[in-house]
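*Asks:* My questions concern the predicted model and sequence given below.
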Amino acid sequence: MDERELKNRTKQFALRIIKIVDALPKTTTGRAIGNQLVRSGTSVGANYRAACRGRSKAEFLSKLGIVLEESDECEFWLELIIEAGLINERAEPLLQEACELTAIFAKSFYTARKNKSQNSQIIKSLDH
């Protein structure tokens, strides 16, 4: 999956999050969880786009770390929605997508961090 496809996938994820939050019950619990979910769900795509524009490897890694945290947080809120019985049918596929995005970003983060570390070691060895 290339950068453009992943940007689109995270935007579609955000749009689906917005729709499911709008479908939550208008209770104290529904509003509280909905607020958290919409923040984390829309943050995934926004921070991925920011990571792609990163001016350095360190900035890229920092933003990608945020993306990973936010997608994992989405998993948590969606699990709560399902387990509390607030919404079941529509939340299950969205939870699956959150899990897949978390796996993609975890792999990307750890690969990028490993590559950054290896590059630093090569540069240090060339300096000596």
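*Replies:* Sure thing, it's come through.
*Asks:* from here on, contacts and neighbour counts on C-alpha atoms
*Replies:* Fine.
*Asks:* average pLDDT across the one helix or strand Arg113 maps to?
*Replies:* Per DSSP states H and E, Arg113 falls inside helix 91-127. Over the span of helix 91-127, the pLDDT mean works out to 77.
*Asks:* Now do the contacts for Arg113.
*Replies:* For Arg113, the contacting residues are Leu61, by Cα atoms under 8 Å, 6 or more residues apart in numbering.
*Asks:* again with Ile82
*Replies:* Ile82 makes contact with 88, 91-92 under the criterion Cα under 8 Å, 6+ apart.
*Asks:* ok, Lys63 to Lys7 distance?
*Replies:* Distance of Lys63 to Lys7, given as Cα to Cα, to the nearest Å: 14 Å.
*Asks:* Which of the contacts of Ile82 sits closest to Asp22?
*Replies:* Distance to Asp22 across the contacts of Ile82 (Cα to Cα) is lowest for Ala91, with 12.3 Å.
*Asks:* Not counting sequence-adjacent ones, nearest residue to the residue nearest the centre of the chain?
*Replies:* The geometric centre of the chain, computed from its C-alpha atoms, lies nearest to Ser71 (Cα atoms, centre = their mean), at 2.9 Å. Nearest residue to Ser71 in three dimensions, chain neighbours excluded: Thr102, at 5.4 Å (Cα to Cα, 6 or more residues apart in numbering).
*Asks:* List the residues that contact that neighbour.
*Replies:* Counted by Cα under 8 Å, 6+ apart, Thr102 has contacts 68, 71-72.
*Asks:* The residues you listed in helices, which ones?
*Replies:* 68, 71-72 (DSSP state H).
*Asks:* Appreciated, that's everything.
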